Every structure is written in C-alpha cells, then in structure tokens.
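Chemist: next one to model:
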Amino acid sequence: MKTVVVLQPQFFPWRGVFEQIRLADEFVHFDDVQFPQGRSFTSRVQIKTASGPLWLTVPVTRGSGPRRIDEVEIDYGSDWRRKHRQTLAMSYARAPFAAAALAILDDVYAERPRTIADLDIAGIERCSAELGLRTAFTRASSTPVVGAKSERLVALLRPRGATAYVTGLGALDYLEEATFAAAGIDVRVMAYTLRPYSQLQGPFDPYVSILDTIANLGPDAASALDSPAVPWTDAVRDRVVPA
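Modeler: You can find the predicted model right below:
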C-alpha cells in the first residue's frame, strides 16, 4: 500500500498540513496550478502575538494575467525577511524553543528563493525534517499531466503507484471519489482533532503556523501530529468537522 498526498504549496502552514505529511509515503507539492487570486495561504500565514493573531505575508511580483504558483516570483524590494524575523522573535521570546523556530526561518530565508513555490516548499520540507517526518517529497511540475480536478489528481497519483489518497475536509465539496475508485485508489479524509498543546498569548489557536508548534514544543512537536484519516464513506456520512 502506498499513500500519497497532493497539496498546493503554503507558506509555513498550520499543523494540519504536517498531519497529512505524517500519513503520506509521498507528498506531492502541487506547484503547477494557478496562483490563487486575492489573499491565500500560498503567501501568508498567521502567528500568535500579545495583540492577537498576526499575518506574516510574503510580497510577490505582479503579473499581467494568470500565473502558476511555480512562476510567481518573490518581491525582494523591501526588507520583509528582517521584519518577519523580528516579529517572530518578539512574539515567541518566552517560548521554550523559540530558537528552533527562528533557526528554521533563518535557514529558509538565507536561500533567497526566487519563487513563492520555492520558498513554500523549502519551508515545508525544512519543518518536516525538524519534526522527524520521513515522507518523500516530489513536485507536480516534474511530472506534468493534463486534466482538471479529480482527473488531474488521479493522473498524478497513478504513475506514483498510489493505492491511497489522503485529503482535507474541503474535498468533500468537490472531489469525485468514484474517479479515484475506478483507478483503484482509496480516498481517506483527515479528521482533525485540533488537540491543544502548551501555547503562549491567550486562548489556544490550532490554526497558526507550524512554527508556533515547534517554538512551544521543540523536540516533542511531532507528538502534536495525531489526527487520523478516515474512509471517504465515513467522512461523508458523518460530515466530519473540526470541534
């Protein structure tokens, strides 16, 4: 059995992304799809501060039309990297493992990635290494396929030998499970537990960046990745939603 996850690149995303990575034998960065219009997690994420949640945003260059995520270049015209670091350092100054989170940020930013896809992928893979996840990572752009929606996903999964596909709750609204079943691929859906862990700055917020988890838990951060994936039919029946 081989479990594969396919997700668009996100900027130092929340814990839930890494719960999917934990369950995958192979994680495919879906980097050759269109860059989302408007605000998205592709170029921003929330962290906790004394004043409440705060967005860290990566500026990108403007384009004249639709662009793929792996084509969108980062705008280094301002010193946003230094501002991000200062904000993270100040917000997590009292966190027991703040140094580990800052080291990750420094490592990724030092590479000065050209595109938002490169930055997001570097961040995800660096955090995965910190969490001790042994998943293999590939890019969709390295094996381009045709098709749309479920057909395109199956086209990505089939040559990778996938027998199981893990997806998020949002897929219940659009994914054509029968297309996967016809290809011999079992679909499973994440049932996020959103289990609290020791966190600074007020009430627990499960949706902030994984850097929060690492800053607060350090070597034990991987223990916070405990959500299961349930069969598609069970998810549809129960319409599993976060507590």
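Chemist: helix, strand, or coil at the closest residue to Phe97 other than its chain neighbours?
Modeler: Nearest in space to Phe97, with sequence neighbours left out and distances taken as CB to CB, 6 or more residues apart in numbering, is Gly218 at 3.2 Å. Backbone N, C-alpha and C define where each C-beta goes, glycine included. Under the three-state scheme (DSSP: H, G, I helix; E, B strand; the rest coil), Gly218 adopts helix.
Chemist: so Ala89 makes contact with Ala98?
Modeler: Yes: using CB atoms under 8 Å, Ala89 is in contact with Ala98, at 7.1 Å.
Chemist: tell me which of those two has more neighbours.
Modeler: Neighbours were counted for Ala89 and for Ala98 using other CB atoms under 10 Å; Ala98 has more, 21 against 14.
Chemist: tell me how many other residues surround Thr87.
Modeler: A count of nearby residues for Thr87, using other CB under 10 Å, gives 14.
Chemist: and it, what does it touch?
Modeler: Residues near Thr87 by CB atoms under 8 Å, 6 or more residues apart in numbering: 47, 49, 54, 56.
Chemist: PyMOL command to pick out the buried ones of those?
Modeler: Those of the contacts of Thr87 that meet the burial criterion (16 or more other CB atoms under 10 Å) are gathered into one PyMOL selection, given here:
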select buried, resi 47+49+54+56
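Chemist: between the contacts of Thr87, which is closest to Asp118?
Modeler: Using CB to CB, the shortest approach to Asp118 within the contacts of Thr87 belongs to Leu56, at 17.2 Å.
Chemist: longest helix in this protein, by number of residues?
Modeler: Of all the elements of type helix in the chain, the one with the most residues (DSSP state H) is helix 116-130.
Chemist: can you list the helices and strands that the helix or strand just after it packs against?
Modeler: If you walk from helix 116-130 toward the C-terminus, the next helix or strand you reach (DSSP states H and E) is strand 136-139. Using 3 or more CB pairs under 8 Å, 6 or more residues apart in numbering; DSSP states H and E as the contact criterion, the elements in contact with strand 136-139 are strand 26-29, helix 116-130.
Chemist: which stretch among those comes nearest Ser223?
Modeler: helix 116-130 (13.3 Å).
Chemist: how far does that closest one sit from the chain's center?
Modeler: When distances are taken as CA atoms, centre = their mean, to the nearest Å, helix 116-130 is centred 9 Å away from the chain's centroid.
Chemist: my guess is Phe30 meets Ala140, correct?
Modeler: Yes: taking contacts as CB under 8 Å, Phe30 lies within contact range of Ala140: 4.9 Å.
Chemist: who touches both of those two?
Modeler: 6, 156.
Chemist: which one of these two has more residues nearby?
Modeler: Neighbour totals were compared for Phe30 and Ala140, and Ala140 leads with 24 against 20 (other CB under 10 Å).
Chemist: identify the farthest-apart pair in the contacts of Thr87.
Modeler: By the measure CB to CB, Thr49 and Leu56 form the most distant pair in the contacts of Thr87, at 10.4 Å.
Chemist: distance of the residue of the chain positioned farthest from its centre relative to Ala162?
Modeler: Summary for the chain: using CA atoms, centre = their mean, the residue whose C-alpha lies farthest from the chain's mean C-alpha position is Ala182, with a distance of 27.9 Å. Distance, Ala182 to Ala162, using CB to CB, to the nearest Å: 14 Å.
Chemist: same deal with Ala183?
Modeler: When CB to CB is applied, the distance between Ala183 and Ala162 equals 9 Å.
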